[in-house]
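K.L.:
pasting the sequence and the predicted coordinates here, then a few questions.
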Amino acid sequence: MVQRPWRRTGLKPPAPAALGVLLALALLALARLPPPPHCSPHPLRATSPSTPWREVAAPLSRERAPRGRAPVSSTRLRHDQPPVRSRRQRRGAAGDAPPWLSNDDLQKMQLLASGQVVSKTRIPAHGQVLRVGLRAVGDAEGDSLLEKGCEDGHCGLIKRPGDLYEVLAFHLDRVLGLNRSLPTVARRFTSHLLPYSYTDGSLRPIVWWVPDLQHLEDANNDQNSCALGWLQYQEMLRPRGLTSVAGDASCSSIPRGEWSRLALFDFLLQVHDRLDRYCCGFQPDPSEPCMEEMLHEKCRNPAELVLVHILVRRSMPSRLVFIDNAGKPQHPEEKLNFRLLQGIDSFPAAAVATLRSGRLQSLLLESLHVDRELWESQGGAEGLRPLLRTIDRRARILLRHIQEHNLTVFEDSPC
């Protein structure tokens, strides 16, 4: 008969109770081990591009079928998730929201993403644009919105499917620390209050409606808070040039640093219809609105050129508000509009530091991941990278422009 090992050593077989104690100790030790590295709650960090660069970004307006559903994070916007209201609520098992998105941003984004449509209003002369009143999830006083209108900040502007780049623009603004654009999310609408073209399943951007945006009383120029011509604008950009400008007083109250933020932002997105609505800084295609409306011909006379979408809030008249930020991500690199930078001799230090860090693409991916609808419609990180590479190339061109012209940076408040 074969002897058991413990008999060879003179040991007695362990009692069943002792075996149970040993097993419990082993399980307790395993439970205290740290999780393996691949369990990190932040799956979207900086990654090296695996596909070659493209000269033109892929359009956002065409939705892409994702190869696999993106991992769900507690910081991503959900239709059944209440607004985030405190720093403690920002923290969870799946990690924090990106620090450049404030609690106020997250509350407004949640309202836009999941708020019930309770009213609608057409915006004159703006085609497929609707202003809607929104009732927040769990808001017992939502019926009062019909009486209050939009002065309480519970409204949004639904724009066209082709304006989805406004979502990218909002996240770019926050990543760079400019904080001048308005919270914007992508959303599909189902409300019976909306026309069928809004509820056909297409993805549209919805932008938070500013209650106290200041408009001129002139019906032909109501997209400005102040009247400002190109020559006046260039004069304002000169050192100590504010006092010599005889233009609108509300424009003169806007500090030079605001124009620097705007120029940097518009160059990266190639937003022409603000500082250069006449397309004087490049040779436009015949399909450009500035050509169809025969605005480009006015470039011969700078005195006739005016700026548009120069807006401020009545509560903050010295701070610009960036609207209509879709820009032209497909604008060819050989036609970049450097006129947008004309007269600007310094840029905000924090934004320039982010551009120089080499992390712009990864930061934008981390930020865009919060918007579930946009992220999944574009195929996640893989689908968004061509567009982000285009923005990144423009950032490198801007940095080269700053270096070649020996321009400076200035420290500025992020608020």
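P.N.:
In hand now; what should we look at?
K.L.:
residues near the nearest residue to residue 338 once chain neighbours are set aside, how many?
P.N.:
Of all residues not flanking residue 338 in the chain, residue 281 sits nearest, at 6.1 Å (Cβ to Cβ, 6 or more residues apart in numbering). In short, each C-beta sits where N, CA and C put it, glycine included. Counted with other Cβ atoms under 10 Å, the neighbours of residue 281 add up to 19.
K.L.:
wait, doesn't residue 281 sit right on residue 340?
P.N.:
Yes - contact status for residue 281 versus residue 340: in contact at 6.5 Å, counting by Cβ atoms under 8 Å.
K.L.:
tell me, what's touching those two both at once?
P.N.:
Common contact partners of residue 281 and residue 340 (Cβ atoms under 8 Å, 6 or more residues apart in numbering): residue 272.
K.L.:
which SSE is the closest residue in space to residue 292 that isn't next to it in sequence in?
P.N.:
Using Cβ to Cβ, 6+ apart and skipping the chain neighbours, the partner closest in space to residue 292 is residue 286 (7.7 Å). Remark: residue 286 resides in no helix or strand, with elements defined by DSSP states H and E.
K.L.:
cool, and residue 319?
P.N.:
strand 316-321.
K.L.:
pull out the buried residues from the following helix or strand past that strand.
P.N.:
Later in the chain than strand 316-321, the nearest helix or strand by DSSP H and E is strand 346-348. Across strand 346-348, burial judged by 16 or more other Cβ atoms under 10 Å covers 347, 348.
K.L.:
about what we covered before: mind saving the C-alpha coords of the strand holding residue 319 as PDB?
P.N.:
Below are the C-alpha coordinates for strand 316-321, written out as PDB (Å, rounded to 0.1, in the frame of the first residue of the first chain):
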ATOM      1  CA  MET A 316     -20.300  90.400 -19.400                       C
ATOM      2  CA  PRO A 317     -19.800  93.100 -22.100                       C
ATOM      3  CA  SER A 318     -16.000  92.800 -22.200                       C
ATOM      4  CA  ARG A 319     -16.100  89.100 -23.100                       C
ATOM      5  CA  LEU A 320     -16.800  87.700 -26.500                       C
ATOM      6  CA  VAL A 321     -19.200  84.900 -27.100                       C
END
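K.L.:
which residues are in contact with the residue nearest to residue 170 when sequence neighbours are not counted?
P.N.:
The shortest distance from residue 170 to any residue other than its chain neighbours is 4.1 Å, reached at residue 184 (Cβ to Cβ, 6+ apart). Contacts for residue 184 (Cβ under 8 Å, 6+ apart) come out as 112, 166, 167, 169, 170, 205, 206, 207, 208.
K.L.:
for residue 120, give its distance to residue 159.
P.N.:
14 Å (Cβ to Cβ, to the nearest Å).
K.L.:
same check, this time on residue 102
P.N.:
23 Å.
K.L.:
comparing the two, which shows the higher neighbour count?
P.N.:
Higher neighbour count among residue 102 and residue 159: residue 159, with 22 against 17, using other Cβ under 10 Å.
K.L.:
for the nearest residue to the more buried one once chain neighbours are set aside, report the pLDDT, please.
P.N.:
What sits nearest to residue 159 in space, not counting adjacent residues and going by Cβ to Cβ, 6+ apart, is residue 205, at 5.0 Å. Looking at residue 205, its pLDDT reads 98.
K.L.:
may I have the helix or strand residue 205 falls within exported as PDB, CA atoms only?
P.N.:
Following DSSP H and E, one finds residue 205 within strand 204-208. C-alpha atoms of strand 204-208 as PDB (Å, rounded to 0.1, in the frame of the first residue of the first chain):
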ATOM      1  CA  ARG A 204     -28.200  67.400 -35.100                       C
ATOM      2  CA  PRO A 205     -26.200  69.700 -32.800                       C
ATOM      3  CA  ILE A 206     -28.100  71.500 -30.100                       C
ATOM      4  CA  VAL A 207     -26.500  74.600 -28.600                       C
ATOM      5  CA  TRP A 208     -27.300  76.200 -25.300                       C
END
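K.L.:
so what strands line up beside the strand holding residue 319?
P.N.:
Its sheet considered, strand 316-321 pairs with strand 311-313 (antiparallel) by DSSP bridges.
K.L.:
show residues contacting the partner strand.
P.N.:
With Cβ under 8 Å, 6+ apart as the test, strand 311-313 has contacts from 210, 212-215, 223-226, 250, 254, 318-321, 323.
K.L.:
would you mind writing the ChimeraX command to select the buried ones in the residues you listed?
P.N.:
Only the buried entries of the contacts of strand 311-313 go into this ChimeraX selection, using 16+ other Cβ under 10 Å:
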select :210,214,223,224,225,226,250,254,319,320,321,323
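K.L.:
and the furthest pair within the contacts of strand 311-313?
P.N.:
The span of the contacts of strand 311-313, defined through Cβ to Cβ, is set by 223 and 318 at 19.4 Å.
K.L.:
need the longest helix for the chain.
P.N.:
If each helix of the chain is counted by residues according to DSSP state H, the longest one is helix 380-404.
K.L.:
next structured bit after that helix?
P.N.:
Counting by DSSP H and E, what follows helix 380-404 is strand 408-410.
K.L.:
just checking, what packs against that next one?
P.N.:
With contacts taken as 3 or more Cβ pairs under 8 Å, 6 or more residues apart in numbering; DSSP states H and E, strand 408-410 sits against strand 346-348, helix 349-356.
K.L.:
helices and strands around the longest one, which ones?
P.N.:
What it means is helix 349-356. The helices and strands touching helix 349-356, judged by 3+ Cβ pairs under 8 Å, 6+ apart, are helix 380-404, strand 408-410.
K.L.:
would you mind finding the most buried of those?
P.N.:
helix 380-404 (a mean of 18; mean count of other Cβ atoms under 10 Å).
K.L.:
mean confidence (pLDDT) on it, please.
P.N.:
Here the average pLDDT along helix 380-404 is 98.
K.L.:
please apply the same query to stretch 166-186.
P.N.:
98.
K.L.:
same thing with stretch 308-328?
P.N.:
94.
K.L.:
quick one: end-to-end distance for that stretch.
P.N.:
One end of stretch 308-328 to the other measures 17 Å (Cα to Cα, to the nearest Å).
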